[in-house]
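**Q** What follows is a predicted protein model with its sequence.
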Amino acid sequence: MAGKKYEAAKAKVDRSKLYNYKEAIVLAKELASTKFDSSVELSFFLNIDPRQADQNIRGAIVLPNGSGKTQRVLVITQGAKVDEAKNAGADYVGGADMIEKIQGGWFDFDKIVATPDMMGQLGKLGRLLGPKGLMPNPKTGTVTMNVAQAVDEIKKGKAEYRTDRDGNVNVMIGKCSFTDEALAENFKAIYDQIVKIKPAAVRGTYIKNLTLSTTMGPGIHVTVE
C-alpha cells in the first residue's frame, strides 16, 4: 500500500523541473502521506572530496524555527558544571557514572555535550559512540565549557550537518506541521550556511544537486533562484 502511495506522489512531481524552494515546500507537504507528522529533509549533493580533510564539511546551526525534533541531552561533566547543566534543562547529567552506564549499553539520549576535561574518559567509548554519531565534537559545539548555551541551543533546534563518503549532506529542516514560511526560513538558513563554508579547494559547481523530501515521500529537485 505504501508503495502505491509513493508512486502516486512521485507521479505528481515533474522530474524535469527545478522547483523554487518555496514552491517545493508547498508541494512536499501536499504529497506527504504518513499518518504521523512527517519530517522535512534537505539533501545536498556537493562537488567535494570528503577524503580530503579541508573538504570534510561538518558543523551545526540553530535553525530559526527549530527542527521539530525533541532532543534528550546528556551532559558529561563534573564540579560546578553539573548544576549549570541541570539548570539549563539537560535531561541527564553526570561524569564517570554516566560513562559507565553507556559502557553497559545505555543509550536513552539523543545528544551528548561534554566539557573538555571529560573527553579523555569519554574518548574511550569512541567505538560505541562514533558509529551512532553521538561522539561530542568541538566543530558542532558539543565539546565546550559553556554547557548551558550548548544545551539551550540543542533544545531550541540545533541541526548538525556532516558530509557522508559520497559528498552528501542531509539535514532535517522541520516537520510538515510547520508553516510554509517557517520551513522556508529554516531552508534558507541551512542553505546559506552550506554556501558560506564552501571549501577553498572546490572548483566549478559547488552544489551539484539539491533535493527536498518528506518521510517516505518523493524527492523534489529544488533551486534557490
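**A** Cool, the structure landed.
**Q** What segments of the protein are strands?
**A** Per DSSP state E, the chain carries strands over the ranges 19-20, 39-46, 58-62, 73-76, 92-94, 111-114, 158-162, 168-175, 207-214, 220-223.
**Q** Could you tell me the angle between the second one and strand 207-214?
**A** Meaning strand 39-46. 170 degrees (axes from the mean of the first three to the mean of the last three CA atoms, to 10 degrees).
**Q** tell me the angle of strand 39-46 relative to strand 158-162?
**A** Using the same axes, to 10 degrees: strand 39-46 against strand 158-162 is 30 degrees.
**Q** ok so, going back, can I get the strands of the chain in CSV including mean neighbour count, mean pLDDT and distance to Lys124?
**A** For every residue, glycine as well, the C-beta is placed using N, CA and C. Shown next, in CSV, are the strands of the chain (neighbours: other CB atoms under 10 Å; pLDDT from 0 to 100; distance: least, CB to CB, whole Å):
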stretch, mean neighbour count, mean pLDDT, distance to Lys124
strand 19-20, 16, 92, 47
strand 39-46, 21, 95, 33
strand 58-62, 17, 89, 22
strand 73-76, 27, 97, 12
strand 92-94, 20, 96, 16
strand 111-114, 25, 96, 12
strand 158-162, 20, 88, 22
strand 168-175, 22, 94, 29
strand 207-214, 19, 94, 38
strand 220-223, 20, 92, 43
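**Q** Out of these, flag the one nearest Tyr6.
**A** strand 207-214 (10.9 Å; CB to CB).
**Q** For the lengthiest helix in the chain, name the packing helices and strands.
**A** The single longest helix within the chain, with elements called by DSSP state H, is helix 180-196. Helix 180-196 sits against helix 21-31, strand 39-46, strand 58-62, strand 158-162, strand 168-175, strand 207-214, with contacts defined as 3 or more CB pairs under 8 Å, 6 or more residues apart in numbering; DSSP states H and E.
**Q** Which strands or helices does the fourth one pack on?
**A** To tie it back to what came earlier, the one meant is strand 158-162. Under the contact criterion of 3+ CB pairs under 8 Å, 6+ apart, strand 158-162 touches strand 58-62, strand 168-175, helix 180-196.
**Q** swap the cut-off to 7 Å and go again
**A** Here strand 158-162 touches strand 58-62, strand 168-175, going by 3 or more CB pairs under 7 Å, 6 or more residues apart in numbering; DSSP states H and E.
**Q** now what about it, what contacts it?
**A** Defining contact as CB atoms under 7 Å, 6 or more residues apart in numbering, one finds that strand 158-162 is touched by 57-63, 67, 140, 169, 171-172, 190.
**Q** Over to the last one?
**A** The contact list for strand 207-214, computed with CB under 7 Å, 6+ apart, reads 21, 24-25, 28, 32, 38-47, 176, 219-222.
**Q** how does it look with 6 Å?
**A** Contact partners of strand 207-214, identified using CB atoms under 6 Å, 6 or more residues apart in numbering, comprise 24, 28, 32, 38, 40-45, 47, 219-222.
**Q** between the lowest-mean-pLDDT helix or strand in the chain and helix 21-31, how big is the angle?
**A** One helix or strand of the chain scores below all others by mean pLDDT, DSSP states H and E: helix 2-10, with a mean of 71. Interaxial angle, helix 2-10 versus helix 21-31 (the same axes, to 10 degrees): 150 degrees.
**Q** ok so, going back, what's the most distant pair in the contacts of strand 158-162?
**A** For the contacts of strand 158-162, the maximum inter-member distance is 18.7 Å, found between Ile57 and Ser67 (CB to CB).
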